[in-house]
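output the structure for:
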Amino acid sequence: MELEKKKYWLLLYGLIIGIIFDIFFYDKALGISYPIFALLILVVTALVFYKSYSSLENKAWIWALPALMLSSTFAIYSNQVLSILNFLIVPYLLVMTISLVSTTNRADWFDIRFLADFFRRLFIPLRYIHMPFLTLFRMEDKSGKNKKRIFPRIAIGVLISIPLLAIIIWLLSSADIVFKELFVNIPISKIVQHFFIIIVATVYAICFFWALLKEFDEKEKTPKYEKINYKRFLDPVILMTILSLLNVVFCVFSVIQFKYLFGGESYIQPSSFTYAEYARRGFFELVVVAVINFFIMLIAVLFLKKEGKKSGIAIKILLSLLVGFTFVMLSSAFYRMLLYEEAYGFTYLRIFVQTFMILLFFLFIISIVFIWYEKLPIIKAYFIATLAVYVILNFANVDAMIARNNIYRYKETGQLDIRYLEGLSYDAIPEMEKLVGDKKVGDEVLVFFKQKKLELQKQDAWQSFNYSRAKASTVIDGYVK
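The predicted structure follows:
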C-alpha cells in the first residue's frame with residue numbers, strides 16, 4: 001500500500017511545508033510567497049504519488065495552470081477585491097487539482113456536489129491528527145540487529161542537550177558581546193509563536209496527504225456519485241406560450257434600441273428628454289433581465305419534457321430568438337455603460353458589471369450551441385468560460401485601467417474624483433504620476449505619495465515582494481525623498 005511505504009516521507013514533506021509556511025506568511029503581507037507556496041503544494045503532491053503516475057488522472061494537472069496564474073497575481077498586482085477572491089479561489093483550484101489527479105473525488109469537477117468533496121478534503125485530515133505522532137513514536141531503527149525506536153532516543157538527546165547548551169551559551173555570551181546581544185534580544189514569545197505555527201502547519205500537511213493516500217489506496221471502495229438525471233416536468237405548450245410572449249416584448253424593445261439608442265441623438269428630438277438622459281440609464285435593469293433570460297433558458301433545456309419532434313424544434317427556435325434578443329439587450333446595456341462612464345467616470349463596480357456582461361455574452365453563445373447540439377457538456381463549458389473570463393480580468397490590471405481612463409477624462413472635461421483614485425491600489429500610482437504638476441490636483445497627489453511611501457517602507461520583506469508595489473515605490477521615490 002502507498003501509505004505504508006510513504007508514511008515516513010510524509011513526516012518530512014509535512015515538516016518542510018510547515019517551516020516554509022512560517023517563513024513565508026508569519027507577520028508578512030502576501031506577495032511572491034503565495035505562488036511559490038502554491039507551487040510547493042503541487043510539487044509535494046507529485047512527490048507523494050511518485051512511482052504511482054500510471055494510476056493517476058494526469059490530464060487533471062491542467063487545472064494547476066489557472067491556480068498558479070491566479071496565485072501569481074499576488075506578486076504582480078495589488079487589487080484588494082480580486083486578491084480576496086483569489087485567496088479563496090486558489091485553494092479551491094489546488095484542492096480540485098489534487099482530488100482529480102488522485103481520482104479520490106466522488107463527484108465530477110463540474111458537478112455542484114464537488115463542493116462536498118472540497119470541504120471533505122479540507123476537514124477529513126482532522127480525523128487523522130493523531131497519526132503523525134504515532135508514526136513518529138513508533139519509528140524504528142532497522143539498521144542494527146535489534147530494532148529500536150528512534151523517538152525516545154531523540155528525546156533523551158534533547159533532554160541531555162538542554163543543560164549543556166545553557167552552559168555553553170552562557171560561556172560564549174561572556175566571551176563575545178555581539179553573541180550575547182543576539183540571544184538577549186530574541187523574544188521568547190515570538191519563538192513560541194513560530195514554533196506553534198510550524199507545528200500546526202506541519203501536522204495539518206501530514207494529515208492532509210495521509211488522508212489523501214489512504215483514500216487513494218482504498219479508492220475502489222469509495223463509491224462515486226451517480227450522474228444527476230434531472231426530472232423533466234416542464235410542459236412544452238406552457239413553455240412555448242411563455243417564450244412567445246417574452247419574445248414579442250423583447251422584439252419591440254430591440255426595435256426601439258436600434259432606432260433610438262444606436263440610431264443617435266437625432267431620433268430622440270424633440271422628446272421631453274435628451275439623448276444623454278435616455279442613454280445613460282437602465283444598464284443595471286437590462287443586466288438583470290439578461291440574467292433572468294439566462295435562467296429561463298437554462299430551466300428550459302434542463303427540465304423540458306420531450307413530447308414531439310415539432311414542438312422540440314419550435315422551442316429551439318423560440319429559445320434561439322430569446323438568446324438573440326438578449327444579445328441586443330446586452331449590447332444596449334454595454335453601450336449605455338460606456339456612455340455612463342464617459343459622463344461620470346470609471347469605478348470598480350462599473351468595470352466588474354461590464355466584465356459580467358461579457359461573461360453573459362459567452363454563456364449565451366454556449367447556450368445557443370447547446371440548444372441545437374445537446375451533446376455539448378454545457379455545465380463544463382460554463383465553468384471553463386467563467387474561469388477564463390475571471391483569469392483575464394485578473395490580468396487586465398483593473399486599477400490602472402480605472403486611473404488611466406479617469407485621468408484621460410479629466411484632461412478632456414476637467415472633472416476628477418481624486419479621492420476615488422487615492423482609494424485604488426498601488427497599480428494606479430504609475431498612472432497618477434501624470435497628475436504631478438497639475439495646477440488643480442498636483443499638490444494633493446504629492447501629499448498622497450508621501451503617505452504611500454510610509455506604507456511601502458513597512459513592507460520590505462522579500463516574501464512580500466510585489467511588482468506593483470515595487471513599481472509604485474520607484475515612481476514615488478522620484479518625487480518624495
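
tell me the contacts of Ser174?
The contact partners of Ser174, by Cβ atoms under 8 Å, 6 or more residues apart in numbering, come to Lys180. (C-beta placed from N, C-alpha, C; glycine too.)

which pLDDT does the model give Lys142?
According to the per-residue confidence, Lys142 scores 59 in pLDDT.

ok, the one 3 residues further on next?
Lys145 is assigned a predicted lDDT (pLDDT) of 53.

where along the chain do the strands fall?
Along the chain, the segments classed as strands by DSSP state E run 140-141, 148-149.

for Asn79, give its distance to Leu424.
In this view, Asn79 and Leu424 are 8 Å apart by Cβ to Cβ, to the nearest Å.

which of the two has more neighbours?
Higher neighbour count among Asn79 and Leu424: Asn79, with 25 against 22, using other Cβ atoms under 10 Å.

give me the phi and psi angles of the more buried one.
phi -60, psi 120 (degrees, to the nearest 10).

list the residues that contact it.
By Cβ under 8 Å, 6+ apart, the residues touching Asn79 are 73, 394, 398-399, 425, 427.

pLDDT weak spots in the stretch 1-150 of the chain?
Within the stretch 1-150 of the chain, the segments meeting pLDDT under 70 span 1-2, 139-150.

ranges for the helices of it?
Here the stretch 1-150 of the chain has its helices, by DSSP state H, counting those that start in this stretch, at 2-25, 33-48, 64-76, 80-102, 114-123, 131-138, 150-175.

how about the residue lying closest to Phe74 once chain neighbours are set aside, what does it touch?
If the residues on either side of it in the chain are set aside, Phe74 comes closest to Tyr34, at 4.1 Å by Cβ to Cβ, 6 or more residues apart in numbering. When contacts are counted by Cβ under 8 Å, 6+ apart, Tyr34 touches 24, 71, 74-75, 90.

mind running it again at 10 Å?
By Cβ atoms under 10 Å, 6 or more residues apart in numbering, Tyr34 lies in contact with 24-25, 70-75, 83, 86-87, 90, 463-464, 466.

wait, isn't Leu3 in contact with Ser52?
No. With contact defined as Cβ atoms under 10 Å, Leu3 does not reach Ser52; the gap is 11.2 Å.

which one of those two is surrounded by more residues?
Legend: neighbour count by other Cβ under 10 Å for Leu3 and Ser52, higher for Leu3 (19 against 14).

mind checking how far the more buried one is from Leu376?
40 Å.

just to revisit the earlier point, which of the helices of the stretch 1-150 of the chain sits most buried?
helix 64-76 (a mean of 20; mean count of other Cβ atoms under 10 Å).

show me what that helix is packed up against.
Where contact means 3 or more Cβ pairs under 10 Å, 6 or more residues apart in numbering; DSSP states H and E, helix 64-76 is packed against helix 33-48, helix 80-102, helix 378-394, helix 467-477.

got a markdown table for those, with distance to Phe208 too?
A markdown table is the format used below for the helices and strands packed on helix 64-76 (distance: least, Cβ to Cβ, whole Å):
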| stretch | distance to Phe208 |
| --- | --- |
| helix 33-48 | 9 |
| helix 80-102 | 9 |
| helix 378-394 | 24 |
| helix 467-477 | 31 |
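
looking at the ones you listed, which is nearest to Tyr204?
Closest to Tyr204 of the helices and strands packed on helix 64-76 is helix 33-48 (Cβ to Cβ; 11.9 Å).

returning to what we had before: overlap in contacts of Leu3 and Ser52?
Joint contacts of Leu3 and Ser52 (Cβ under 10 Å, 6+ apart) are 213, 216.

residues in contact with Met329?
Applying Cβ under 10 Å, 6+ apart to Met329 gives the contacts 250, 253-254, 257, 282-283, 285-287, 289-290, 293, 357, 360.

in PyMOL, select just the buried ones from those.
Typed into PyMOL, the line below selects the buried ones among the contacts of Met329, using 16 or more other Cβ atoms under 10 Å:
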select buried, resi 250+254+257+282+283+286+287+289+290+293+357+360
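
got the contacts of Met329 as a markdown table, with distance to Lys471 columns?
Shown next, in a markdown table, are the contacts of Met329 (distance: Cβ to Cβ, whole Å):
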| residue | distance to Lys471 |
| --- | --- |
| Phe250 | 47 |
| Phe253 | 46 |
| Ser254 | 46 |
| Gln257 | 42 |
| Gly282 | 39 |
| Phe283 | 33 |
| Glu285 | 39 |
| Leu286 | 38 |
| Val287 | 34 |
| Val289 | 41 |
| Ala290 | 38 |
| Asn293 | 43 |
| Met357 | 30 |
| Leu360 | 34 |
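
between the contacts of Met329, which sits nearest Val200?
Val200 lies nearest to Leu360 out of the contacts of Met329, by Cβ to Cβ, at 42.7 Å.

next up, the contacts around the most centrally placed residue in the chain.
Nearest to the mean C-alpha position of the chain, counting by Cα atoms, centre = their mean, stands Asn86 at 2.7 Å. By Cβ under 10 Å, 6+ apart, the contact set of Asn86 is 30, 34, 67, 69-74, 77, 79, 93, 390-391, 394.

what number of residues lie near the residue nearest to Ala29 when sequence neighbours are not counted?
In this structure, Ala29 finds its nearest non-sequential neighbour in Ser464, 4.2 Å apart by Cβ to Cβ, 6+ apart. Ser464 is flanked by 20 other residues according to other Cβ under 10 Å.

and Ser464, how far from Leu456?
Ser464 sits 10 Å away from Leu456, going by Cβ to Cβ.

rewinding a little: tell me how far the residue nearest to the centre of the chain lies from Tyr382.
Applying Cβ to Cβ to Asn86 and Tyr382 gives a distance of 20 Å.

ditto for Ile112
Distance, Ile112 to Tyr382, by Cβ to Cβ: 12 Å.

what's the burial count for Lys411?
Neighbourhood size, Lys411 [other Cβ under 10 Å]: 11.

show me what contacts it?
Contacts of Lys411 (Cβ under 10 Å, 6+ apart): 434-435, 438.

Throw these into JSON lines and include neighbour count, pLDDT and distance to Gly14, thanks.
Listed next are the contacts of Lys411 as JSON lines, based on neighbours: other Cβ atoms under 10 Å; pLDDT from 0 to 100; distance: Cβ to Cβ, whole Å:
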{"residue": "Lys434", "neighbour count": "15", "pLDDT": "92", "distance to Gly14": "50"}
{"residue": "Leu435", "neighbour count": "21", "pLDDT": "92", "distance to Gly14": "51"}
{"residue": "Asp438", "neighbour count": "16", "pLDDT": "86", "distance to Gly14": "55"}
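
dump the residues you listed to a markdown table, plus distance to Lys310.
Conversion of the contacts of Lys411 to a markdown table gives the following (distance: Cβ to Cβ, whole Å):
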| residue | distance to Lys310 |
| --- | --- |
| Lys434 | 63 |
| Leu435 | 65 |
| Asp438 | 68 |
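
I figured Phe283 hits Ser331, correct?
No. Judged on Cβ under 10 Å, Phe283 makes no contact with Ser331 at a distance of 11.1 Å.

what touches both of the two?
With Cβ under 10 Å, 6+ apart as the test, Phe283 and Ser331 both reach Met357.
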